[in-house]
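[1] Give me coordinates for this.
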Amino acid sequence: MDEIEIESEIKKLRDQCDAYLVVLPPDNREALAVVDQIKSQLDKLLDKFEVTQNIGTSNPLSPREQQVLNLIAKGHPNKEIAFQLSISPKTVQFHIKSLFTKLEVGSRTEAVTAALKLGIISL
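    All right, here's what the predicted structure looks like:
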């Protein structure tokens with residue numbers, strides 16, 4: 001099964017969950033909760049799958065962004081990153097903002113997690 005087929009199957013399952021949510025009686029709260037939970041998990045899986053597809057297998061980060069990300073993964077604060085790379089803290093912030101955008105994340109933890117999953121960095 002290739003990536004397009006996997007994405008298609010995930011979408012079909014999600015659509016089936018939507019259909020069940022419409023036809024299940026409102027008083028069957030347990031079944032509704034289970035279907036809603038399954039749909040939520042499928043949505044998360046699809047989101048992760050789409051992020052991986054958007055980024056692809058190539059590394060979208062510049063060499064400097066990757067250096068910054070590696071230091072973030074080691075737990076270094078911005079000032080320490082700036083010192084180690086001989087750049088200003090503002091430049092570190094710029095690189096962090098850029099890599100957040102490229103990895104489609106909103107926090108340092110999410111950036112490290114996404115980069116690990118994509119094989120961009122290793123610990």
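
[2] how much space between the nearest residue to residue 59 once chain neighbours are set aside and residue 12?
    Closest residue to residue 59 apart from its sequence neighbours, by C-beta to C-beta, 6 or more residues apart in numbering: residue 120 at 5.3 Å. The way it works is simple: take the backbone N, C-alpha and C, and place the C-beta from them, glycine included. In this view, residue 120 and residue 12 are 31 Å apart by C-beta to C-beta, to the nearest Å.

[3] Looking at these two, which has the bigger crowd around it?
    Counted by other C-beta atoms under 10 Å, residue 120 and residue 12 do not tie: residue 120 has more neighbours, with 23 against 11.

[4] Identify the residues contacting that one.
    59, 61, 66, 69, 114 (C-beta atoms under 8 Å, 6 or more residues apart in numbering).

[5] SS state for the first one?
    Reduced to three states with DSSP: H, G, I helix; E, B strand; the rest coil, the structure at residue 59 is coil.

[6] check contacts around it.
    Per C-beta under 8 Å, 6+ apart, neighbours of residue 59: 66, 118, 120.

[7] And the helix or strand of the chain with the lowest mean pLDDT, how far out from the chain middle?
    The weakest-scoring helix or strand in the chain, judged by mean pLDDT, DSSP states H and E, is helix 29-55 (a mean of 77). In terms of C-alpha atoms, centre = their mean, to the nearest Å, the centre of helix 29-55 is found 13 Å from the chain centre.

[8] Now do that helix: which elements does it pack against?
    Contact here means 3 or more C-beta pairs under 8 Å, 6 or more residues apart in numbering; DSSP states H and E; on that basis helix 29-55 packs against helix 3-23, helix 89-103, helix 108-118.

[9] which secondary structure element contains residue 106?
    Under DSSP states H and E, no helix or strand contains residue 106.

[10] doesn't residue 97 make contact with it?
    No: Residue 106 is not in contact with residue 97 according to C-beta atoms under 8 Å; the separation is 10.7 Å.

[11] end-to-end on stretch 46-65?
    Distance between the two ends of stretch 46-65: 27 Å, counting by C-alpha to C-alpha, to the nearest Å.
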